[in-house]
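Q: I would like to see how this sequence folds:
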Amino acid sequence: MTSPFANRTYRRLFSAQVIALLGTGLSTVALALLAYDLAGGNAGTVLGIALALKMVAYVCIAPIVGGLAHLLPRRRLLITLDVIRAGLVLCLPFVTEIWQIYALIFLLSACSGGFTPTFQATIPDVLPDEAQYTRALSLSRLAYDLENLLSPVMAAAALLFLSYDALFVGNAVAFVISAALVMSVRLPPPQPHQREQGIWYNTTYGIRAYVKTPRLRGLLALSMAVAAAGAMVIVNTVVYVRDYLGGTESNTAIAFAAAGGGSVVVALILPRILDRYTDRPFMLMGGLLLAVGLLLGLTEPTLYALLPIWFVLGAGSSLIQTPAGRLLKRSSREGDRPAIFAAQFALSHACWLLAYPLAGWLGSMLGIMVAFTILALIALVSTAVAVFMWPAEDSNELEHVHDPIHHEHPHIHDEHHQHDHEGWEGPEPHRHPHRHSRIKHKHPFVIDLHHQVWPQH
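A: Have a look, this model is predicted:
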């Protein structure tokens, strides 16, 4: 069965993800209202700073947790982070100063920066079948898109009867339910890893391995294209619809829904396509769609013309983001996945950290048409860089040469470890000094302890 819902563990983990996302969406609305109560007309500035702190926390914390996740019991780690997030959200109704918002948002985001990539890296172990995992990635994309559409509606309905403080409580309850669902499953045992070289080595390992992998360098370039287009939609939709077109709040919501609709449609149809074709052409097509969509903004579209443009931007983003997990899975050994997923999480959010203020500054200082132009050029150049960085011939198995080496690290007997023992070494994985002779061979290649440089052809 190709449906990931056939797997009981995945069903519960997916439920935990959806519930936590909906709770976070409620808090997003409540946070805007809290900022307005404390800062009045400066609420936008407060939210902008809070968003920047959120991105900084993601960029700084995710590699640390991802690099050390192989040393921690991940089920307990996920539960602990959910419980801490619930406690932090419950503090928000008691905030009386703006600096307290900043502190709590940074801490919340730090926990999410540890939780999300660890959670994402767990799914390939739960769903080792490639077809099931591809559909799980599609479902994850759908969950994020539907959360963007449903959370504001749910919040608006709740605010008819409750104060916005109740939305924070709802988010805390959602995190507790998420923790309970994670607690109710037995995760696969952690895979053996070969790293044991200190905290700095481990915390930087994911990013170093990521940037040495050509297909992941291409993914990073495409992530910049996604951030450029996404920042245009998120930051400047309200400006374009309200100021340039004289539209209403409902028109603004419809424009956001059009972008979400494009993402949803692609997420629904892409898994069947990826069963037959490789990821690269469709992800590059996504980057091209983003650049074309932004350039179409230069036609000064009416509201009805803007909707299909925003739909194209949503579709292009989904073409890149939905298959990204497949690239990360192909590019890492099981024991190193948390570090690689955390590197993608951090580096992609670094792109957003650049794109958000750039889109806002261009739109407010130089005009929307200049913003369309500059962000389109960024998307186009980023896609061109991805074409250059990510070779069209992207085989999993690569022929390569190992020079002789003598070292010590935790290992199992695999294609790189065929040596004699004296009897004291203990069960695998074990560690003892051992020597590798020079060898030339071919197998699925990823950057790890024994493969520090990508083979050149």
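
Q: the closest residue to F175 other than its chain neighbours: how many residues sit nearby?
A: Spatially, and ignoring its direct neighbours in sequence, F175 is nearest to A86 (3.9 Å; C-beta to C-beta, 6 or more residues apart in numbering). Glycine gets a C-beta too; all of them are placed from N, C-alpha and C. Number of residues near A86 (other C-beta atoms under 10 Å) recorded here: 22.

Q: what's the answer for the one 5 residues further on, then?
A: Around C91 there are 15 other residues, counting by other C-beta under 10 Å.

Q: and it, what helix or strand is that in?
A: C91 is part of helix 74-91 when elements are defined by DSSP states H and E.

Q: now do the buried residues in that helix.
A: 74, 77-86, 88-90 (16 or more other C-beta atoms under 10 Å).

Q: for stretch 118-128, same thing?
A: Using 16+ other C-beta under 10 Å as the test for burial, stretch 118-128 gives T118, F119, Q120, A121, T122, I123, P124, D125, V126, L127.

Q: so where's the stretch 51-200 of the chain shaky on pLDDT?
A: 67, 69-71, 152, 190-200 (pLDDT under 70).

Q: still on that earlier bit, my guess is the residue nearest to F175 contacts V176. True?
A: Yes. The criterion here is C-beta atoms under 8 Å, and A86 meets it with V176 at 5.1 Å.

Q: now do C351 against L33, distance only.
A: 29 Å (C-beta to C-beta, to the nearest Å).

Q: equivalent analysis for A172, please.
A: Taken as C-beta to C-beta, the span from A172 to L33 is 17 Å.

Q: now S138
A: For S138, the distance to L33 - C-beta to C-beta - is 33 Å.

Q: again with L354
A: Applying C-beta to C-beta, the value for L354 to L33 is 28 Å.

Q: so where's the longest helix in this structure?
A: helix 8-39 (DSSP state H).

Q: buried set for that helix?
A: 9-10, 12-14, 16-36, 38.

Q: where do the helices sit along the stretch 101-250 of the chain?
A: Using DSSP state H, counting those that start in this stretch, the helices assigned to the stretch 101-250 of the chain run over residues 130-159, 165-183, 199-211, 214-239, 249-274.

Q: any idea which of these gets closest to A291?
A: Smallest distance to A291 across these (C-beta to C-beta): 7.1 Å, for helix 214-239.

Q: who does that closest one touch, helix- and strand-wise?
A: Where contact means 3 or more C-beta pairs under 8 Å, 6 or more residues apart in numbering; DSSP states H and E, helix 214-239 is packed against helix 199-211, helix 249-274, helix 279-296, helix 303-321, helix 324-330, helix 337-361, helix 368-389.

Q: got the angle for the second one vs helix 279-296?
A: Interaxial angle, helix 249-274 versus helix 279-296 (axes from the mean of the first three to the mean of the last three C-alpha atoms, to 10 degrees): 160 degrees.

Q: same deal with the last one?
A: Orientation check (the same axes, to 10 degrees): helix 368-389 against helix 279-296 gives 160 degrees.

Q: what's helix 368-389 packed up against?
A: Counting by 3+ C-beta pairs under 8 Å, 6+ apart, helix 368-389 packs on helix 214-239, helix 279-296, helix 337-361.

Q: mind checking how far that helix is from the chain centre?
A: Computed by C-alpha atoms, centre = their mean, to the nearest Å, the chain-centroid distance of helix 368-389 equals 21 Å.

Q: what residues does that helix touch?
A: Outside helix 368-389, the residues that touch it by C-beta atoms under 8 Å, 6 or more residues apart in numbering are 214, 217-219, 221-222, 224-225, 228-229, 231-232, 236, 239-240, 244, 283-284, 287-288, 290-291, 294-295, 297-298, 300, 355, 358-359, 362-363.

Q: same thing but 7 Å
A: Residues from elsewhere that reach helix 368-389 (C-beta atoms under 7 Å, 6 or more residues apart in numbering): 214, 217-218, 221-222, 224-225, 228-229, 232, 236, 239-240, 244, 284, 287-288, 290-291, 294-295, 297-298, 359, 362-363.

Q: mind saving the C-alpha coords of it as PDB?
A: Included here for helix 368-389 are C-alpha records, laid out as PDB according to Å, rounded to 0.1, in the frame of the first residue of the first chain:
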ATOM      1  CA  ILE A 368       5.900  47.600  -5.800                       C
ATOM      2  CA  MET A 369       7.100  47.400  -9.400                       C
ATOM      3  CA  VAL A 370      10.700  47.600  -8.400                       C
ATOM      4  CA  ALA A 371      10.100  44.900  -5.800                       C
ATOM      5  CA  PHE A 372       8.600  42.600  -8.500                       C
ATOM      6  CA  THR A 373      11.600  43.300 -10.700                       C
ATOM      7  CA  ILE A 374      14.400  42.700  -8.100                       C
ATOM      8  CA  LEU A 375      12.700  39.700  -6.500                       C
ATOM      9  CA  ALA A 376      12.100  38.200 -10.000                       C
ATOM     10  CA  LEU A 377      15.800  38.600 -10.800                       C
ATOM     11  CA  ILE A 378      16.800  36.900  -7.600                       C
ATOM     12  CA  ALA A 379      14.500  34.000  -8.300                       C
ATOM     13  CA  LEU A 380      15.800  33.700 -11.900                       C
ATOM     14  CA  VAL A 381      19.500  33.900 -10.800                       C
ATOM     15  CA  SER A 382      18.900  31.400  -8.000                       C
ATOM     16  CA  THR A 383      17.400  29.000 -10.500                       C
ATOM     17  CA  ALA A 384      20.300  29.400 -12.800                       C
ATOM     18  CA  VAL A 385      22.700  28.800  -9.900                       C
ATOM     19  CA  ALA A 386      20.700  25.600  -9.100                       C
ATOM     20  CA  VAL A 387      21.100  24.400 -12.700                       C
ATOM     21  CA  PHE A 388      24.900  24.900 -12.400                       C
ATOM     22  CA  MET A 389      25.300  23.500  -8.900                       C
END
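
Q: relative to helix 337-361, how tilted is that helix?
A: Going by the same axes, to 10 degrees, helix 368-389 makes 150 degrees with helix 337-361.
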